[in-house]
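K.L.:
3D model of this:
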Amino acid sequence: MADAMDQRKLLMQNLEDAGCGAADIARFFQLEREGRRLEQLRLLRMHRTVLLDRLHASQRQIDCLDYLIYQMDRG
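P.N.:
Residues are numbered from 1 along each chain as shown. Sure thing, here's the model as predicted:
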């Protein structure tokens, strides 16, 4: 029983570390209780997509700053 609780705590920590909010974490575990693994995977993939979109937006901002720095260094 302790092993299952440890696994649940590790899974919860992993979801938190991945940036999942409380509502998504609760939904993830609700889907687990209902045996809806495919929907759990869909939830994780959707969160991954959101994170990737944010990453790409940040990369565009960094590119803009790099260009500005380059232009200022040139003259």
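K.L.:
how far out from the middle of the chain is the helix or strand containing residue 70?
P.N.:
Using DSSP states H and E, residue 70 sits in helix 37-74. Counting by Cα atoms, centre = their mean, to the nearest Å, helix 37-74 is centred 12 Å from the centre of its parent chain.
K.L.:
again with stretch 32-45
P.N.:
For stretch 32-45, the distance to the chain centre is 15 Å (Cα atoms, centre = their mean).
K.L.:
try stretch 13-33
P.N.:
10 Å.
K.L.:
poorly predicted segments of the chain, please.
P.N.:
Scanning the chain for pLDDT under 70 picks out the ranges 1.
K.L.:
contacting residues around stretch 25-34?
P.N.:
Contact with stretch 25-34 is made by 8, 12, 15-16, 20, 37, 39-40, 43-44, as judged by Cβ atoms under 8 Å, 6 or more residues apart in numbering. Backbone N, C-alpha and C define where each C-beta goes, glycine included.
K.L.:
can we see that at 10 Å?
P.N.:
8, 11-12, 15-16, 18, 20-21, 36-44, 47 (Cβ atoms under 10 Å, 6 or more residues apart in numbering).
K.L.:
how near is residue 51 to residue 63?
P.N.:
Between residue 51 and residue 63 the computed distance is 19 Å (Cβ to Cβ, to the nearest Å).
K.L.:
compare those two and say which is more crowded by neighbours.
P.N.:
Higher neighbour count among residue 51 and residue 63: residue 51, with 13 against 10, using other Cβ atoms under 10 Å.
K.L.:
in stretch 12-20, what counts as buried?
P.N.:
The neighbour-count check on stretch 12-20 (16 or more other Cβ atoms under 10 Å) flags 15, 20 as buried.
K.L.:
swap in stretch 25-32?
P.N.:
Buried residues in stretch 25-32 (16+ other Cβ under 10 Å): 25, 28, 31.
K.L.:
put the alpha carbons of that stretch into PDB.
P.N.:
Output of stretch 25-32 as PDB, limited to C-alpha atoms (Å, rounded to 0.1, in the frame of the first residue of the first chain):
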ATOM      1  CA  ILE A  25      -3.700  17.200 -11.900                       C
ATOM      2  CA  ALA A  26      -7.100  16.500 -10.300                       C
ATOM      3  CA  ARG A  27      -8.500  15.700 -13.800                       C
ATOM      4  CA  PHE A  28      -5.500  13.300 -14.500                       C
ATOM      5  CA  PHE A  29      -6.200  11.300 -11.300                       C
ATOM      6  CA  GLN A  30      -9.900  11.300 -11.900                       C
ATOM      7  CA  LEU A  31      -9.300   9.800 -15.300                       C
ATOM      8  CA  GLU A  32      -7.000   7.300 -13.700                       C
END
